[in-house]
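Novice: Just a sequence and a predicted model for now, questions to come.
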Amino acid sequence: MKTIALIPARYAATRFPGKLMKMLGDKTIIRHTYENTLSTLLFDEVIVVTDSEIIFHEIVSNGGYAVMSKNQHESGSDRIAEAAADIDVDIIVNVQGDEPFVKKELLQNLLKAFDHDLKQKVQVASVMHEISDIDSIVNPNHVKVVVDKEQNALLFSRSVIPFHRDKNVRQAYYKHIGIYAFRKQALIAFTQWPLSPLEAVEKLEQLRYLENGIKIKMVLTNEIPVSIDAPEDLENARKIL
């Protein structure tokens, strides 16, 4: 089973433009992400997919593998689907370009969702971790997910889900981590569906799968990736480094 990692890397991030080219120690954020993903040795290929000649040059000039997007894309999934269309591959992992400390164990556990799945019931998988502090639970930038008994996602939302009406019943809350693994056919199908209603209102692309009847297998992890979404996140990452 051929497995590749694709790293969508857009230069003009809305909240923190040019963040992937910011320095973290002696390397840029995108180079950390690429090299850490490569060093896991989990993938047949690791490719940065970008709309930016600056990011393309940063990866290629340092011995890495990058491709330029041919079209403009609204989402990371659309961007990597274009790159994956002509690649002979079974499983594609979407590694976020702004997560420079990505670790092998998390990616390995995500890939295990496809092990022994001879009937290919798992088309898409992603990751979640439990959260307990109220600030994270109510923060709309922290996407929450609820799952069924087989750990398939029932709903993703920026709102607090579920609503904790009965305080005598313990309820766990899970934050979605935006790392995905797809079978190629599921990723290509995603790009052929129109924007779905819940996706449009929540601005969460994964809802397009649920609204088209594709289950997303959720993998529980204790790892909490460090994402660079704002300048203060970069300062925190520098302290961690």
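Specialist: Nice, thanks for sending it over. All values reported here derive from a predicted model rather than from experimental measurement. Numbers count the residues shown, from 1 in each chain.

Novice: can you tell me how far Glu74 sits from Phe190?
Specialist: Separation of Glu74 from Phe190 (CB to CB, to the nearest Å): 12 Å. Placement of C-beta: from N, CA and C, glycine included.

Novice: Repeat that for Ile29.
Specialist: Going from Ile29 to Phe190 by CB to CB gives 26 Å.

Novice: do the same with Leu6
Specialist: Taken as CB to CB, the span from Leu6 to Phe190 is 13 Å.

Novice: Packing partners of the longest strand along the chain?
Specialist: Taking DSSP state E as the criterion, the chain has its longest strand at strand 173-183. On a contact count with 3 or more CB pairs under 8 Å, 6 or more residues apart in numbering; DSSP states H and E, strand 173-183 meets strand 91-94, helix 104-111, strand 124-131, strand 144-147.

Novice: Give me the contacts around the lowest-mean-pLDDT helix or strand in the chain.
Specialist: Across the helices and strands of the chain, the lowest-confidence element by mean pLDDT, DSSP states H and E is helix 76-84, at a mean of 86. Identification of contacts with helix 76-84 by CB atoms under 8 Å, 6 or more residues apart in numbering yields 4, 6, 8, 10, 47, 49, 51, 67, 69-71, 73, 92, 94, 96, 180, 184, 187-188, 190-191, 205.

Novice: Kindly export that helix (C-alpha atoms) in PDB.
Specialist: The C-alpha trace of helix 76-84 is given here as PDB (Å, rounded to 0.1, in the frame of the first residue of the first chain):
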ATOM      1  CA  GLY A  76      -5.900  22.600   1.600                       C
ATOM      2  CA  SER A  77      -7.800  19.500   0.500                       C
ATOM      3  CA  ASP A  78      -8.500  21.000  -2.900                       C
ATOM      4  CA  ARG A  79      -4.800  22.000  -3.200                       C
ATOM      5  CA  ILE A  80      -3.500  18.500  -2.400                       C
ATOM      6  CA  ALA A  81      -6.100  16.800  -4.500                       C
ATOM      7  CA  GLU A  82      -4.800  18.500  -7.600                       C
ATOM      8  CA  ALA A  83      -1.300  17.300  -6.800                       C
ATOM      9  CA  ALA A  84      -2.500  13.700  -6.000                       C
END
